[in-house]
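Novice: quick one: sequence plus predicted model below, questions after.
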Amino acid sequence: MARFASSNSPALYLSLRWKALIVLSLVLVLVNASLAFLAYRQAAEQFKQQQIEVRDRQVRQLYALLDDGYRQMSRLANIVPLLGSDQSDQAINERLHQALDHNGFMLDLEWDIRSAYWIQPKGQSILLWPDHAQGLPAELIERLQRWPEQTATMLACAPDCYQYLAAPLLWQGHSAGALALGRSVADVLLAFHALTGADVAIMVEQANLTQFPAITHPEQIEALLHDADLRQLDTGGSTNTLLIQRDKDWFEISRLPALAPEVDALLINPITAQQQAIAKVTRDSILIGFLGLVLSESLLLLVMQTLVKRLRRLADVLPLLAEDRFTDLRNRLLTLDASWFPLRDEMDQMIDTVGTLSERMEHIQRDREEARSELVWLADHDPLTRLLNRRRFNHDLTRLVNQSVHKKLSGALLFFDLDQFKDVNDISGHPVGDLLLQQVAEQLEALLGTGGSLGRFGGDEFALALPQAGSEQAIAIAEQVQMCIQSVVIRNHGVRHQVSASIGIVLFPEHGVDTQQLLSDADLAMYQAKERGRGRWYLFSPEDQGREQANARVLWSERITEALIEDRFELHFQPIMELATGSMQRREALLRMSDVQGQLVYPNHFIPVAEKTGQIHAIDHWVLARSILVLQMHPGIDLSVNLSANAMEDPSLLPDLKDLLAQYDVDPTRLTFEITETVAVNSLQNTTRMMRDIQKLGCRFALDDFGSGFASYAYLRQLPMSAIKIDGAFIRNIAHNREDQIFVRAVTDIAHGMGKRVVAEFVENEEILSILREIGVDYAQGYHIGRPVKLQTDSIQCVKTKPI
């Protein structure tokens, strides 16, 4: 906030309109410079393309002029023998010598023929005319000897540039030799200049010395060429032009390589007019841009003048907000002059916004107090039921306990949860469960009135503290609580939900004065009430804790024995979907026990007792035998079977498994055993050995509830697992919990990297299923896929898929 504090030395200030002007100027300068550059580039590119076309045309014209010279020389070669005498016995070379002596001046004058030679059949050349002409190029003679019946041509510059043509002649019916004519290229170069307006220089490079044996306008062009760095002209063709400025004139030099052996041609084009045109286009673009810049800035200053004036007046009244003078501020806003422009702009919107802000700020203090009160209430209450939360209830309970000790009065704590509440959520969903909790809370509040503290601890757990209540009063209240809860009935889509409560009762200070211990004892009493059946209460007694627990174990042990004898155990099967194909060939076999009334009992009630009494071995063998029988009866499905913590230490398990597989002739690969992390790490060495022995039979293993315990990734390498099942705690809220998504994705990537497949449990809706597909999970299991049911023979129609 230091930048807003007042200071004796004023900060540097620059008006908004000047800031806008500077920014606009920079932008326009950049835009105009870009446009000028683009105009220059476009003109330069057009010039470049035009010059390419000009050079191509000039090259064709130069070659055409040279070819025309060769054609003239070819015709003359046929005429020269006819210019001699008619003596039939005269030798051909003598006849040609005579003809050239009399008519050579005419050939030079009319056709620029500078020399004539006679080439004998064996390759010797004889100078016919004139007497001091330069020698005939040896390469021309070689060409003629290589193809004696063809006319040979070439251009040579040693030292002067001549066009040479050697034409074979027949004399007296047989080949007598060849007549060679030499012609200066000067006429060709002059004709080229007259035709194109460009100058030409014939260039010869010898011993790092550049010579120009033939050139048009040598007094100007030769000096220009000596000033230019001709080494920049690339004979390969990538850089074959050079721009030269001499005085105020511009020239373009282009190189025509290999005009003849070791002979290049330079084409010199005047381009002063084109360069001036490009410069004019660039200047015009810059001038237009400058005029646009001046005009734009002038208009901006005019518009910003009124805007800045209104903005200053608005800034003068804004401090009234900090002084809470909201009415004065709105009155001052009304006096601001309206814009001269009939349409509204951002300044008008800002004035309206400041007015609206002042109205809203009048309510801020009141709203803040209401929000503070709401936060205080939320800190002490459960938002769903509006009862006290655990923190506030513990505080009130401590206060009531202290009062009871101080006044020597008895109080009671009732701790209870709703029986079969999970079924409500499972059958009708959490919204119906929440509605049930709200109605239960309303009934309990109506019953309690102001005579105690009532709180919700989370889920379906509630607590009730009574300040002045002995055992009889507490029991009476507990029975009233039971009736209140049982009076709540929820109907949803034809399903009727009615629950009861299991209530634990603790007295204070009789059973203690420590709040946490009282809650723990009340919780224990609640579970003792639950052991006696639904809708019961139990008064805590320190003396009978051990006896009650022992009685419970004996009772459950007897129930397990009776269930084994009477065959009241049964398997329910929950489908497991392969996400890649949608196939549900695999099922998980889930154990259930039917009590004497025909009600299903879930494993969490009897498995802990069976593990303590040793009956778990009999249950494991029953599950194993029944599962293999189901596989034999239903060849279209595969099964996942849970093994208990003691199964890996049962020496009879492996022999029985071998016998059952052989007896029912079942493919072992259809059977997967699921073990928990606890089973895997309790005796790692024995567990690994047993798993490998079973795996040798062909069965597979999956690590169940991965992530809920303490198994590390090292166990995934040591244990012969083919799949892992991620614990449902990481799946239930994966759609709304980024940490769960990160964990599931990491486990999936690690498992796939180790060659293992991944199964996700507790898939409750399509959103979770979509997220699992995106992560790459292989299989999904949960109520959204299918609930556990008894297996019906006619309902299994599966397609063979890859095993887990």
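Specialist: Looks like it arrived, so ask away. Numbering: from 1, shown residues only.
Novice: next helix or strand past the helix or strand hosting residue 476?
Specialist: Per DSSP states H and E: residue 476 is located in helix 471-486. Helices and strands here follow DSSP H and E; after helix 471-486, the next one along the chain is strand 489-492.
Novice: quick one: mean pLDDT for that next one?
Specialist: The predicted model assigns strand 489-492 a mean pLDDT of 90.
Novice: kindly export the helix holding residue 476 (C-alpha atoms) in CSV.
Specialist: Only the C-alpha atoms of helix 471-486 are listed here, as CSV (Å, rounded to 0.1, in the frame of the first residue of the first chain):
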residue,chain,number,x,y,z
SER,A,471,-30.0,-44.5,34.4
GLU,A,472,-33.8,-44.7,34.4
GLN,A,473,-34.3,-41.3,32.7
ALA,A,474,-31.6,-42.1,30.2
ILE,A,475,-33.3,-45.4,29.3
ALA,A,476,-36.6,-43.7,29.0
ILE,A,477,-35.1,-41.1,26.7
ALA,A,478,-33.4,-43.9,24.6
GLU,A,479,-36.8,-45.6,24.1
GLN,A,480,-38.3,-42.3,23.0
VAL,A,481,-35.5,-41.8,20.6
GLN,A,482,-36.2,-45.2,19.2
MET,A,483,-39.8,-44.4,18.6
CYS,A,484,-39.0,-41.0,17.0
ILE,A,485,-36.5,-42.6,14.6
GLN,A,486,-38.9,-45.5,13.7
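Novice: the residue nearest to residue 509 when sequence neighbours are not counted: how many residues sit nearby?
Specialist: Spatial nearest neighbour of residue 509, chain neighbours left out: residue 405 (5.3 Å); criterion: C-beta to C-beta, 6 or more residues apart in numbering. Every C-beta, even on glycine, is put in place using the N, C-alpha and C of the backbone. Around residue 405 there are 13 other residues, counting by other C-beta atoms under 10 Å.
Novice: mind exporting the helix or strand encompassing residue 405 as CSV, just the C-alpha atoms?
Specialist: Assigned by DSSP H and E, residue 405 belongs to helix 390-407. Listed next in CSV are the C-alpha coordinates belonging to helix 390-407 (Å, rounded to 0.1, in the frame of the first residue of the first chain):
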residue,chain,number,x,y,z
ARG,A,390,-18.6,-33.1,16.7
ARG,A,391,-16.4,-30.2,17.8
ARG,A,392,-19.2,-28.2,19.3
PHE,A,393,-20.8,-31.3,20.9
ASN,A,394,-17.6,-32.2,22.6
HIS,A,395,-17.4,-28.7,24.0
ASP,A,396,-20.9,-28.8,25.3
LEU,A,397,-20.4,-32.3,26.7
THR,A,398,-17.3,-31.2,28.6
ARG,A,399,-19.3,-28.3,30.0
LEU,A,400,-22.1,-30.6,31.1
VAL,A,401,-19.7,-33.1,32.7
ASN,A,402,-18.0,-30.3,34.6
GLN,A,403,-21.4,-29.0,35.8
SER,A,404,-22.4,-32.5,37.0
VAL,A,405,-19.2,-32.8,39.0
HIS,A,406,-19.6,-29.4,40.5
LYS,A,407,-23.3,-29.8,41.3
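Novice: if we can go back for a sec, the residue nearest to residue 509 against residue 512, yeah?
Specialist: No - contact criterion C-beta atoms under 8 Å: residue 405 and residue 512 do not qualify, at 10.8 Å.
Novice: for residue 270, grab phi and psi.
Specialist: phi -80, psi 130 (degrees, to the nearest 10).
Novice: I'd like the mean pLDDT over the lengthiest helix in the chain, please.
Specialist: Using DSSP state H to define each element, the chain has its longest helix at helix 16-79. Averaged across helix 16-79, pLDDT comes to 88.
Novice: which SSE is immediately downstream of it?
Specialist: The first helix or strand that comes after helix 16-79 along the chain, using DSSP H and E, is helix 92-111.
Novice: ok, residues contacting that next one?
Specialist: In this structure, residues lying in contact with helix 92-111 by C-beta atoms under 8 Å, 6 or more residues apart in numbering are 72-73, 76, 80-85, 87, 90, 113-114, 116, 118, 120, 126, 128-130, 169, 171, 176-177, 179, 183.
Novice: hmm, try it at 7 Å
Specialist: 72, 76, 80-81, 83-85, 113-114, 116, 118, 126, 128-130, 169, 171, 176-177, 179 (C-beta atoms under 7 Å, 6 or more residues apart in numbering).
Novice: ok and that helix relative to helix 16-79, angle-wise?
Specialist: Angle between the axes of helix 92-111 and helix 16-79 is 140 degrees (criterion: axes from the mean of the first three to the mean of the last three C-alpha atoms, to 10 degrees).
Novice: send the alpha carbons of helix 92-111 over as CSV?
Specialist: Extracted C-alpha coordinates of helix 92-111, given in CSV (Å, rounded to 0.1, in the frame of the first residue of the first chain):
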residue,chain,number,x,y,z
ILE,A,92,40.9,-26.8,-104.3
ASN,A,93,43.2,-24.9,-102.0
GLU,A,94,44.6,-22.9,-104.9
ARG,A,95,41.2,-22.2,-106.2
LEU,A,96,40.1,-21.0,-102.7
HIS,A,97,43.2,-18.9,-102.3
GLN,A,98,42.6,-17.2,-105.7
ALA,A,99,38.9,-16.6,-104.9
LEU,A,100,39.8,-15.0,-101.5
ASP,A,101,42.6,-12.8,-102.9
HIS,A,102,40.1,-11.3,-105.3
ASN,A,103,37.0,-11.2,-103.2
GLY,A,104,38.2,-11.2,-99.5
PHE,A,105,37.7,-7.4,-99.1
MET,A,106,34.0,-7.9,-100.1
LEU,A,107,33.6,-10.7,-97.5
ASP,A,108,35.1,-8.4,-94.9
LEU,A,109,33.0,-5.4,-95.9
GLU,A,110,29.6,-7.1,-96.3
TRP,A,111,29.7,-10.0,-93.8
